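Visitor: Pasting the sequence and the predicted model now:
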Amino acid sequence: MVALFVMSTETVPTSAPSPRLWLARVRRALMFWVALALVAGGWELYKKFGPQDGGEVLGWKILPRAKDRVMPHISDMLSRFGEPISRSTDETVLSVVLKGVWFSLRLVLAGFGMGLAAGMLLAVVMTRFRFAERAVLPYLVISQTVPLIALAPLVASWGGKLELFGWQWPRWMSAAVLGAFLTFFPIAVNTLRGLQSPNPAALELMDSFAAPWHRTLFKLRFPAAVPYIVPGMKLGAAGAVIGVVVSEISTGLRGGIGRLVIEFGRATTSDPAIVYTAIIGAAFVGLSMAALVAGADAVFMRNRPKEAQP
Amino acid sequence: MRCAVEVVGVDKIFNAGKADHVEALIGIDLAIEQGEFVSLIGPSGCGKSTLLRLIANLTVPTAGAVTVNGKPAEQARIEQDYGMAFQQAGLFEWRTVAKNIELPLELKGWDRARRRARALEMLELVKLPEFADHMPWQLSGGMQQRIAIARALAAHPPLLLMDEPFGALDEMTREHMQAELLRICAETETTVIFVTHSIPEAVYLSTRVVVMSPRPGRITGIIDVPLGAERDDGIRESSGFFGKITEVREALRGAEFGVNAGALALGVDDR
């Protein structure tokens, strides 16, 4: 993953993708797989040469045990995907994990969408009313210091109990809301910065055209905010995944990848490879969201000057 | 002839009654007729940009009245009776060149086809017709500034307000742009008020040069420049041109070392 961010962006002042830009893209994609191969290689190397029952460094017992029961071979993890989940059923681990991924991904998308909407709305209100910025922003910061684990049972308890205008709060909604809780903050803060980014001359230009506030918002402030919102979406997407998976784990919501991590975790002594199938599934949820945001980035930033991005 | 702009007894005081009280403009009277090209010139802090912004109704006077096109300044702004260009072209980087020019027309509620036709017409006017679908950042600084002028004039306003529009350009581009501006304004019969720091620029462009001085910001002289309507590059080497440059320079010097010479060190950026 790290390799994705290390690559520098070329400053190419033309809109048509030049051969060099394509080369950079291919190289970036390649680096992703190289990094993955390095992690897998490191894992297997440690298994081969690391201490079987753990080890000490300067008296600290920090080296993990390299034996198969704790660190299964990569090949075992991958082949476990194709095997049935248990002796009593034909359903493969892959099928179960994919269902969990799909279930969680929908919650993540719902949470991300809610967080995006709430964050942008807050940013617009804070841009419109300076006192709102002073009044609301400190609480937004404080809200992010509340541990998610502490909040999860509370929000989960709304499931099946809360009713709004005849609409019953479904249990999955709690997990999505906790995803939204981690999404809205980076979105709100980045959008606010973006909405406030146009220089005074640009705002005066809109005034000189007698543009009312809402037209300045949509014709100037929002387009100017896009280069700020996109990085906010990157942080927000990661937050949505963490929020949903952690609340699935802490509230035991059935169906998602978080639940699978616990269920498979119980089987770890007899079936060490299966835990990692769930973890790979969770990573896949995160990667899907990263890909989605990267796609949004490519679409929204396609006509922007390459050197002007903050 | 009807006045394009009339400024009567205008004062502009920032932070009145406080410690950082600034008399940006005091007792400004100025009448500009249609078809005139008037430059406002003076040292930093003389309030020339503030005066322009008062005419544009981007700020309101502490006292006095501003009339644009026979209407109060606010109504003139709402009816888009003027276009404005700043030192930075300020094109929106997410819009194509044509879409930038269309911006004021969108705000006026014109339909797409009519906007596009007018944008292409304006691009012909500023001699950049092949750049309609380029992005602004693919253009040079001089070209960007021409697009900004096209945007300011897109709705065919009778008045063009310019705040040091060529200040960020190199000397060669600048002289070319000045000639282009004169041609464009002659073709469109636009009245222009032009803020500048440059004496030759003011003399070359203007029918009248308004000389201002700081602390408090005020008009200290108005110099007619009767060099004729047709001004080619040859005029820059004529004795009449140099004579006017000397006249404006002396007016500026007189203003600088006049009544408030003691306050000279205190710079006030009025923009």
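Guide: In hand now; what should we look at? Worth saying up front: this structure is predicted, and the values here are computed from it rather than measured.
Visitor: Enumerate the residues of the stretch 51-200 of chain B near chain A.
Guide: B:53, B:56, B:58, B:77-80, B:82-84, B:86-88, B:90, B:92-96, B:103-104, B:106-107, B:135, B:137-138, B:161 (CB under 8 Å from any CB of the partner chain). Bear in mind the C-beta positions are built from the backbone N, C-alpha and C, glycine included.
Visitor: Tell me the buried residues within those.
Guide: Buried members of those, scored by 16 or more other CB atoms under 10 Å in any protein chain shown, are B:53, B:56, B:58, B:77, B:80, B:82-84, B:86-88, B:90, B:92-96, B:103-104, B:106-107, B:135, B:137, B:161.
Visitor: And the strands in the chain?
Guide: All of this is about chain A. Using DSSP state E, the strands found in chain A span residues A:55-57, A:60-63, A:163-164, A:167-168.
Visitor: please go with chain B instead
Guide: B:3-14, B:22-33, B:37-41, B:63-68, B:71-72, B:82-85, B:159-163, B:191-196, B:208-213, B:218-224.
Visitor: Parallel or antiparallel, which strands does the third one pair with?
Guide: Yep, that's strand B:37-41 we're talking about. strand B:191-196 (parallel), strand B:208-213 (parallel) (DSSP bridges).
Visitor: Residue nearest the middle of chain A, spatially speaking?
Guide: Geometric centre of chain A, nearest residue: residue A:238, 1.9 Å, by CA atoms, centre = their mean.
Visitor: Need the contact partners of stretch A:64-76.
Guide: With contact meaning CB atoms under 8 Å, 6 or more residues apart in numbering or on different chains, stretch A:64-76 is reached by A:40, A:43-44, A:46-48, A:50-54, A:269, A:272-273, A:276.
Visitor: For the stretch 101-250 of chain B, which segments are assigned as helices?
Guide: Ranges of helices within the stretch 101-250 of chain B are B:112-125, B:141-153, B:171-188, B:199-205, B:239-256, based on DSSP state H, counting those that start in this stretch.
Visitor: Which of these sits closest to residue B:8?
Guide: Counting by CB to CB, residue B:8 lies closest to helix B:239-256 out of the helices of the stretch 101-250 of chain B; the figure is 21.8 Å.
Visitor: What is that closest one packed up against?
Guide: helix B:199-205, strand B:208-213, strand B:218-224 (3 or more CB pairs under 8 Å, 6 or more residues apart in numbering or on different chains; DSSP states H and E).
Visitor: Parallel or antiparallel, list what pairs with the last one.
Guide: Listed by DSSP bridges, the sheet partners of strand B:218-224 and their directions read strand B:208-213 (antiparallel).
Visitor: same question for the strand it pairs with, mean pLDDT?
Guide: What strand B:208-213 shows for mean pLDDT is 91.
Visitor: quick one on the thing from earlier: from the strands of chain B, which stretch is densest packed?
Guide: Each of the strands of chain B was scored by mean neighbour count; the highest is strand B:82-85, a mean of 28, by mean count of other CB atoms under 10 Å in any protein chain shown.
Visitor: Can you give the strand pairings for that strand, parallel or anti for each?
Guide: Partners of strand B:82-85, by DSSP bridges, with direction: strand B:159-163 (parallel).
Visitor: residues making contact with the strand it pairs with?
Guide: Applying CB under 8 Å, 6+ apart, the contact partners of strand B:159-163 are A:208, B:4-5, B:49, B:52, B:55-56, B:68-69, B:81-87, B:149, B:152-153, B:185, B:190-195, B:271.
Visitor: do the same with stretch A:155-170
Guide: A:171-175, A:177-178, A:247, A:250-251, A:253.
Visitor: same thing but 10 Å
Guide: Outside of stretch A:155-170, the residues within contact range by CB atoms under 10 Å, 6 or more residues apart in numbering or on different chains are A:148, A:171-178, A:181, A:247-248, A:250-253.
Visitor: Neighbour-wise, give me the winner out of these.
Guide: residue A:175 (33 neighbours; other CB atoms under 10 Å in any protein chain shown).
Visitor: show me what contacts residue 151?
Guide: No chain in the question, so chain A it is. Contacts of residue A:151 (CB under 10 Å, 6+ apart): A:143, A:174, A:177-178, A:181, A:243, A:246-247, A:250.
Visitor: wrong chain, I was asking about chain B
Guide: Contact analysis of residue B:151 by CB under 10 Å, 6+ apart lists A:205, A:209, B:83-85, B:89-92, B:97, B:100-105, B:119, B:122, B:126.
Visitor: Spatially nearest residue to residue B:185, not counting backbone neighbours?
Guide: When the adjacent residues along the chain are set aside, residue B:185 lies closest to residue B:192, with 5.6 Å between them (CB to CB, 6 or more residues apart in numbering or on different chains).
Visitor: try residue A:272
Guide: Nearest to residue A:272 is residue A:72, by CB to CB, 6+ apart, at 4.6 Å.
Visitor: Counting by contacts, list what the longest helix anywhere in chain A packs against.
Guide: Assignment by DSSP state H gives helix A:93-128 as the longest helix of chain A. Packed against helix A:93-128 by the contact rule (3 or more CB pairs under 10 Å, 6 or more residues apart in numbering or on different chains; DSSP states H and E) you find helix A:74-82, helix A:130-143, helix A:171-195, helix A:213-216, helix A:222-251, helix A:257-266, helix A:272-300.
Visitor: Kindly reformat these as CSV containing mean pLDDT.
Guide: Below are the helices and strands packed on helix A:93-128 laid out as CSV (pLDDT from 0 to 100):
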stretch, mean pLDDT
helix A:74-82, 87
helix A:130-143, 86
helix A:171-195, 91
helix A:213-216, 93
helix A:222-251, 92
helix A:257-266, 89
helix A:272-300, 91
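Visitor: Just name the most buried of those.
Guide: Among the helices and strands packed on helix A:93-128, highest average neighbours (mean count of other CB under 10 Å) belong to helix A:171-195, with a mean of 25.
Visitor: got the angle between that helix and helix A:257-266?
Guide: With axes from the mean of the first three to the mean of the last three CA atoms, to 10 degrees as the basis, helix A:171-195 and helix A:257-266 are set at 120 degrees to each other.
Visitor: Does chain B have contacts with helix A:171-195?
Guide: No - on the criterion CB under 10 Å from any CB of the partner chain, helix A:171-195 is out of touch with chain B, staying 12.2 Å away.
Visitor: Remind me what that helix packs against, helices and strands.
Guide: Secondary-structure packing of helix A:171-195 (3+ CB pairs under 10 Å, 6+ apart): helix A:93-128, helix A:130-143, helix A:148-156, helix A:222-251.
Visitor: Go through those and name the closest to residue A:192.
Guide: Taking CB to CB, helix A:93-128 is the member of these nearest to residue A:192, at 4.2 Å.
Visitor: could you give me the average pLDDT of the closest one?
Guide: Throughout helix A:93-128, pLDDT has a mean value of 94.
Visitor: Pull out the buried residues from that helix.
Guide: Within helix A:93-128, the residues that count as buried by 16+ other CB under 10 Å are A:93-94, A:96-97, A:99-101, A:103-105, A:107-112, A:114-116, A:118-120, A:122-124, A:126-127.
Visitor: Make sure residue A:216 is actually in contact with residue A:203.
Guide: Yes - with contact defined as CB atoms under 10 Å, residue A:216 counts as touching residue A:203 (7.0 Å).
Visitor: What separation do you get for the residue nearest the centre of chain B and residue A:47?
Guide: When CA atoms, centre = their mean is applied to chain B, the residue found nearest the centroid is residue B:162 (2.3 Å). As for residue B:162, its distance to residue A:47 is 73 Å (criterion: CB to CB, to the nearest Å).
Visitor: Quick check: closest non-adjacent residue to residue B:125.
Guide: Residue B:125's closest residue in space is residue B:184 (CB to CB, 6+ apart), at 6.0 Å.
Visitor: quick one: low-confidence ranges for the stretch 151-271 of chain B?
Guide: Low-confidence segments of the stretch 151-271 of chain B, defined by pLDDT under 70: B:255-271.
Visitor: Run through the bridge partners of the residue in it that chain A sits nearest to.
Guide: Using CB to the nearest CB, the single residue of the stretch 151-271 of chain B nearest to chain A is residue B:161, 7.9 Å away. Going by DSSP bridges, residue B:161 is paired in beta bridges with residue B:84, residue B:193.
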